[in-house]
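# give me a 3D structure for the following:
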Amino acid sequence: AWASLPAAEQGEMEEAMAMLTEAGAQGHIDANFKLGILLKDVRKDFDGAEAAYRAAIAANPRGGRAHTNLGVLLAKHAEKSEVGGGDLSDIAALWVQAVEHFTNAVWLGD
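Numbers count the residues shown, from 1 in each chain. As a prediction, the model looks like this:
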């Protein structure tokens, strides 16, 4: 987790994320996908990860891995909302989006 990383490693991760952000802005297709992984797994920034995966899909709609990761992220968000008593229509919309991304990933076979 982010908080458990030594300051030097946090700095290295920040630098890596900045480089991936810049690479994504320059059109490097895989950069936003990798940024999404770092944001989700290291920083636990789920909103940032969602945005990065959506940018990866916009850059490469046939990128099945980004669809898979976004589907997982949306499904987890839906589950947390269910437990927290969230709005049922919002939860249903999250599940629909998650299934759409899982379906895309299966069809793309990436």
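# CA atoms for contacts and neighbours, from now on please.
OK.
# tell me where the protein is predicted with low confidence.
The chain contains residues with pLDDT under 70 at 1.
# and the helices in it?
Using DSSP state H, the helices found in the chain span residues 7-25, 29-38, 46-59, 64-83, 88-108.
# tell me the buried residues in the first one?
Residues Q10, M13, M17, L20, T21, A23, G24 are the ones in helix 7-25 that count as buried (16 or more other CA atoms under 10 Å).
# how about the nearest residue to the fourth one, chain neighbours excluded?
With CA to CA, 6 or more residues apart in numbering as the measure, A31 is the residue that lies nearest to L20, at 5.1 Å, once sequence neighbours are left out.
# phi, psi for P61 please.
Main-chain torsions, P61, degrees, to the nearest 10: phi -60, psi -20.
# would you mind measuring from it to L108?
9 Å (CA to CA, to the nearest Å).
# what's the answer for G64, then?
Counting by CA to CA - G64 and L108 are separated by 6 Å.
# so for those two, which sits in the more crowded spot?
G64 (21 against 14; other CA atoms under 10 Å).
# that one and S4, how far apart?
31 Å.
# next, count neighbours for the nearest residue to W2 once chain neighbours are set aside.
Spatially, and ignoring its direct neighbours in sequence, W2 is nearest to R43 (4.9 Å; CA to CA, 6+ apart). When counting by other CA under 10 Å, one arrives at 17 neighbours for R43.
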